[in-house]
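*Asks:* Pasting a predicted model and its sequence here:
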Amino acid sequence: MRASRGRTSRLPSLLLALGLALPGLGTLSLATASPAAALDNGTALTPPMGWNSWNALGTQVNQQQVVQTIDFMSANGLVAAGYDTVTIDDGWSQLYRTGQSSWFTRTAEGAMQLYDNSGNPVSGTDGTGNDPTSGHLQADPRNFPSQVVNGQTLGGIQYLSWYAHSKGMKLGLYATDTYETCQMHPGSLGHEATDAADFVSWGVDYVKYDDCPYGPQIIGPDGHNYYTQGVGKELTKSIYARVQTFQRALDSASAAQGRPKVALSVSAQPVHSGVPYLLETGDPARTDPVIKAAGTPAFQSPGYAPTGVWCGQVANLCRIGGDRDSELSGVLWNGQLQTALQYPGNVRPGSWNDMDMMFTGWKYAYGLYGVTDTCVCHKPFTDDESRSELSILAMMASPLISGADLRTAAQTQVSRDGYSWSTGIDASSLALLKNRDMIAIDQDRLAKPATLVGSAPRSGTDPVVLERRLANGDTAVLLVNQDPNNWQTVTTSLSALGLSGAGYTYKEVWSGATGSTSGTVGGNWVAPHGVALYRLTAQAATVTATVINDGKYHSLSAGGTGGQALEASGTCSAPVGQNADINTWWSDHTSEQWTFTTNPDGTVRISDNCSTATQQHTVLAAGTQPGNSAYLLGYSPGNPWQEWKVVQSTATGALTITNVATGLVLGTSGTGAGSVVVTDNPNAAAPGQSWTLLS
């Protein structure tokens with residue numbers, strides 16, 4: 001089905017033509033029209049999520065199937081997870097507009113027959129020719145019949161829009177910037193205002209806009225074979241210009257009808273290159289600043305491939321590669337991942353690089369893989385491959401558009417060649433689609449796609465590591481095993497990721513495993529065609545000390561003193577009011593044992609373990625000036641000089657003890673035994689301002 005839609009039989013020659021192109025604009029002259037600004041129509045502010053009918057249903061899609069899909073998505077948590085748009089792909093319309101009564105005439109190459117002003121047929125390969133069709137697009141009534149809702153008759157598409165909206169969802173519809181769609185239904189070229197107004201009036205929220213030029217190979221006067229690029233206006237207007245015309249028509253129709261703006265998704269295949277000598281001199285692609293900055297290869301026209309350069313100027317999302325099938329290689333390094341990494345500038349709120357519909361949970365309807373069908377292009381993804389597809393798209397901030405059959409098992413039964421099976425999505429794949437941590441990465445409001453960590457893989461089986469910075473300061477890290485047959489150990493490090501924090505907590509998105517690291521990320525075995533997807537959160541430099549309220553007495557060593565312990569000076573026989581000092585640690589000396597207890601106001605009191613006639617669990621108190629000694633008193637509730645804040649380094653576990661009244665830090669006057677304990681201005685190099693646990 002996909003091959004017929006994309007007519008892939010002619011793609012290799014086009015790709016070859018692009019591969020031989022040379023840098024430079026050639027002899028193209030630049031017009032003086034004002035360059036377009038980046039599109040900012042307030043829609044698709046995060047990557048769109050939803051479902052498209054093509055992979056599962058092809059041209060056989062009908063109203064009942066779309067209703068079933070809407071119901072399934074609503075009932076099974078997909079809408080709640082963010083998958084809120086259902087899009088009907090090619091084949092929904094009749095083969096002719098309302099101004100005709102039959103299919104338009106086509107040439108031997110499948111192109112719409114164009115005519116001169118006298119009504120004579122022309123080839124159109126010189127850019128001339130008139131489109132003979134008129135009127136409105138109309139849904140095929142056999143597949144999309146009208147329905148009566150609350151006494152009002154709604155057309156087939158309008159009804160589905162109403163039904164989707166009633167479930168809190170949106171409806172998408174397919175159209176093209178060419179004379180005909182990929183399945184030879186009427187396209188929107190030359191009918192933009194009419195079609196846009198109809199779509200808006202029907203309540204359509206999202207349009208997938210394809211590019212399907214039929215026609216003969218074109219040999220230019222320069223002797224170059226431009227292959228099939230279309231006929232008529234398909235040759236004189238860039239894809240950029242045709243998309244821009246339709247997008248502006250959508251915005252105009254929305255404004256005129258008082259309806260929300262429509263998101264526009266460009267599905268143009270980047271193998272098209274245009275015919276430079278036929279491009280209109282005033283085409284807006286010639287003056288667009290991002291196209292000019294990128295340069296246009298020889299034998300190509302501005303506003304064609306690569307779409308990742310210019311799509312965000314005229315649409316909300318854009319395909320950056322050809323059709324994918326159910327081979328994971330299409331989304332790995334030698335597929336669309338490498339391309340997506342080249343165009344980060346096209347990713348921002350309202351503009352996204354589209355890596356094509358997803359195959360997670362998809363099953364082929366025309367053969368049972370491994371039984372009646374052996375084409376790897378029809379092999380369902382394993383769960384590991386599904387996790388890989390979803391992870392890569394999430395890291396690149398790509399739209400999450402499912403191509404699986406999102407209906408119940410009973411609704412998706414097929415029988416062929418003596419076998420019966422369901423094409424419906426299984427429970428495991430459904431759960432993967434709804435993984436909230438994966439979705440949160442994809443939808444992150446910072447809208448910055450992942451970057452490659454380290455060198456590019458040397459082969460299609462080498463591991464790939466990606467990182468993506470997130471809006472709350474977290475970092476997403478993806479470890480990809482590209483090998484389809486072998487487990488691999490895939491790892492990276494905090495330094496390779498450019499992370500300088502002392503430590504990070506992590507969650508592996510798919511397994512839910514959590515932990516912390518101060519060095520490496522990953523390092524575990526990753527399954528063939530599998531991934532590990534981590535979300536890292538920097539640990540605070542300090543946390544509330546674990547010794548607080550643990551009910552135990554602890555001995556503390558003053559940093560930089562060779563292990564000298566905090567002591568009630570003179571041991572427990574000294575009178576109240578004596579200083580604290582540091583001394584040789586004896587594990588059985590109660591004067592060197594301290595407990596940390598929370599006060600009613602949340603501060604901490606530090607009490608010794610003395611229980612004698614002269615000292616009964618006295619508490620540590622501070623002087624008023626930097627350098628004053630710390631001393632021991634009976635507890636006086638609410639006295640800020642007896643109250644402390646005790647925090648612990650997440651990197652070393654050391655304690656910092658700060659007096660509440662003064663903000664001064666507990667340290668020592670020296671490093672030898674008997675040195676008085678003092679409070680002083682914070683100084684990481686000062687002796688004793690870092691305390692470690694001896695017991």
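*Replies:* Received the coordinates, thanks.
*Asks:* helix/strand/coil for the nearest residue to A513 once chain neighbours are set aside?
*Replies:* Leaving aside its sequence neighbours, A513 sits nearest to K507 (Cβ to Cβ, 6 or more residues apart in numbering; 7.3 Å). (C-beta placed from N, C-alpha, C; glycine too.) Here K507 is recorded as strand under DSSP: H, G, I helix; E, B strand; the rest coil.
*Asks:* Please report how far A502 lies from R387.
*Replies:* Taking Cβ to Cβ, to the nearest Å as the measure, A502 falls 31 Å from R387.
*Asks:* These two: who's more crowded?
*Replies:* Between A502 and R387, counted using other Cβ atoms under 10 Å, the more crowded position is R387 (24 against 15).
*Asks:* what packs against the helix or strand that one falls within?
*Replies:* Per DSSP states H and E: R387 is located in helix 383-395. Helix 383-395 is packed against strand 400-402, helix 427-433, helix 436-442, strand 464-469, strand 475-480, strand 531-538, with contacts defined by 3 or more Cβ pairs under 8 Å, 6 or more residues apart in numbering; DSSP states H and E.
*Asks:* Could you rerun that using 7 Å?
*Replies:* Of the remaining helices and strands, those touching helix 383-395 by 3 or more Cβ pairs under 7 Å, 6 or more residues apart in numbering; DSSP states H and E are helix 427-433, helix 436-442, strand 475-480, strand 531-538.
*Asks:* Can you say which of these is packed in most?
*Replies:* Per residue and on average, the most neighbours among the helices and strands packed on helix 383-395 fall to strand 475-480, with a mean of 25 (mean count of other Cβ atoms under 10 Å).
*Asks:* Please compute how far it lies from its chain's middle.
*Replies:* Offset of strand 475-480 from its chain centre (Cα atoms, centre = their mean, to the nearest Å): 12 Å.
*Asks:* swap in stretch 244-252?
*Replies:* With Cα atoms, centre = their mean, you get 27 Å for stretch 244-252.
*Asks:* least trustworthy helix or strand in this structure by mean pLDDT?
*Replies:* Lowest on mean pLDDT, DSSP states H and E among the helices and strands of the chain sits helix 11-19, with a mean of 31.
*Asks:* residues contacting the residue nearest to A513?
*Replies:* Contact partners of K507, counting by Cβ atoms under 7 Å, 6 or more residues apart in numbering, are 437, 514, 534-535.
*Asks:* So which of those residues is the closest to R605?
*Replies:* T514 (33.8 Å; Cβ to Cβ).
*Asks:* What count of nearby residues applies to that closest one?
*Replies:* Residues near T514, counting by other Cβ under 10 Å, number 10.
*Asks:* From R535, how far off is it?
*Replies:* According to Cβ to Cβ, T514 stands 10 Å off from R535.
*Asks:* any common contacting residues for these two?
*Replies:* 506-507.
*Asks:* For the residue of the chain positioned farthest from its centre, which three-state class applies?
*Replies:* Distance from the C-alpha centroid of the chain peaks at A613, with 68.5 Å (Cα atoms, centre = their mean). Put simply, A613 is coil when judged by three-state DSSP.
*Asks:* so the nearest residue to P302 once chain neighbours are set aside, which of the three states?
*Replies:* Of all residues not flanking P302 in the chain, A285 sits nearest, at 4.0 Å (Cβ to Cβ, 6+ apart). Following three-state DSSP, the label given to A285 is helix.
*Asks:* Let me see the contact set for A285.
*Replies:* With Cβ under 7 Å, 6+ apart, A285 has these contacts: 238, 240-241, 291, 302-303.
*Asks:* So V646 sits against G602, correct?
*Replies:* No: under the contact definition of Cβ atoms under 7 Å, V646 does not touch G602, with a separation of 11.5 Å.
*Asks:* quick one: which of the two has more around it?
*Replies:* Between V646 and G602, counted using other Cβ under 10 Å, V646 has the larger neighbour count: 21 against 10.
*Asks:* what about the more buried one, which SS state?
*Replies:* Of the three states, V646 takes strand according to three-state DSSP.
*Asks:* Just give the number of residues close to the closest residue to it other than its chain neighbours.
*Replies:* By the measure of Cβ to Cβ, 6+ apart, the closest residue to V646 outside its immediate chain neighbours is A545, 4.4 Å from it. Neighbours of A545 under the rule other Cβ under 10 Å: 23.
*Asks:* With D581 instead?
*Replies:* So D581, with other Cβ under 10 Å, has 24 neighbours.
*Asks:* how near is it to D405?
*Replies:* According to Cβ to Cβ, D581 and D405 sit 77 Å apart.
*Asks:* can you check M184 too?
*Replies:* Taking Cβ to Cβ, one finds M184 at 25 Å from D405.
*Asks:* More neighbours: the two, which one.
*Replies:* D405 (27 against 19).
*Asks:* for the more buried one, phi and psi?
*Replies:* Main-chain torsions, D405, degrees, to the nearest 10: phi -80, psi 100.
*Asks:* contacting residues around the closest residue to it other than its chain neighbours?
*Replies:* Using Cβ to Cβ, 6+ apart and skipping the chain neighbours, the partner closest in space to D405 is A56 (3.9 Å). Counting by Cβ under 7 Å, 6+ apart, A56 makes contact with 362, 403-405, 423.
*Asks:* what about A56, is that helix, strand or coil?
*Replies:* helix.
*Asks:* how many other residues sit next to the closest residue to T181 other than its chain neighbours?
*Replies:* What sits nearest to T181 in space, not counting adjacent residues and going by Cβ to Cβ, 6+ apart, is D90, at 5.0 Å. Applying other Cβ under 10 Å, we find 23 residues neighbouring D90.
*Asks:* so D90 touches E180, yeah?
*Replies:* No: in this structure D90 lies outside contact range of E180 using Cβ under 7 Å: 10.2 Å.
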